[in-house]
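*Asks:* Below are the sequence and a predicted model; questions follow.
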Amino acid sequence: MRLDKETTETFVTWWRDLYPTNPDLQTGGRRAVSARLRRCGSVWDIMMEPAFASLVRQFPTAPSPEELPALALTMGVLAHVRTETPTPKAPDGQKAFRNAVAREVGPTDFGGSPNEVATSARFKPNRLEKLLETRDPEECLTAFRRLVRLANAPLNIRDLAQSLLRWPAEDAAADRIRTRWVHDYRGIGSHNPLSALPADAR
């Protein structure tokens, strides 16, 4: 499955055009496209949308038929995210930070009982466990749309797109992404569990 930087950046550019920060640029055409994508009930419905064909033509290399479901999954989930998490600027001499999606929906109370920790998360641990086991693009579409709805907050579009593009795959790269989600969700490796993790944390 394609997971090159250009593919991810194409999705980021597409999403920012779909939901521009300037309300004056939010045209009726954009609203119609986003509404149609949000109403799509399956990956196949998304692949039949004109907006999908238009986006696929923007990739530097034409995707194979086997890659289309993951691309449609990514488009179908991103259409449900209305606002993007601003990326904080790193202090001089330090690495840039990213606001990982898994950290955004993960626990916020790390000092209580296991039940209290679980309760503090927008996306509960049992849902994450099920998501980590999900590979079918249709099931991924339902699960990630639920995650976006439960987050009810701005999300890191680049992080989400990169994760969605690889999620259905069964390979080492996909396993690294799923492992990173557990890392980010639990706030592992940070003195302050609520702070974003380094951009190169994988």
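*Replies:* Thanks, I have the structure now.
*Asks:* Please enumerate the strands of the protein.
*Replies:* Here the chain has its strands, by DSSP state E, at 97-98, 197-198.
*Asks:* hey, least reliable of these by pLDDT?
*Replies:* With a mean of 36, strand 197-198 has the lowest mean pLDDT of the strands of the chain.
*Asks:* Spatially, what comes nearest to R122 if we skip its sequence neighbours?
*Replies:* Excluding the flanking residues, the one nearest R122 by C-beta to C-beta, 6 or more residues apart in numbering is V105, at 4.5 Å. (Glycine included, C-beta is placed from N, CA and C.)
*Asks:* Am I right that the one you found is in contact with A121?
*Replies:* Yes. Contact criterion C-beta atoms under 8 Å: V105 and A121 qualify, at 6.6 Å.
*Asks:* These two - which one has more neighbours?
*Replies:* V105 (23 against 18; other C-beta atoms under 10 Å).
*Asks:* Need the pLDDT of Y19.
*Replies:* 93.
*Asks:* measure it to E133 for me?
*Replies:* 31 Å (C-beta to C-beta, to the nearest Å).
*Asks:* So which of the two has more stuff around it?
*Replies:* The residue with more neighbours, out of Y19 and E133, is Y19; 18 against 10, by other C-beta under 10 Å.
*Asks:* got a list of what the residue nearest to the spatial centre of the chain touches?
*Replies:* The chain has L160 as the residue nearest its centroid, 1.8 Å off, counting by C-alpha atoms, centre = their mean. Residues in contact with L160 (C-beta atoms under 8 Å, 6 or more residues apart in numbering) are 77-78, 81, 101, 144.
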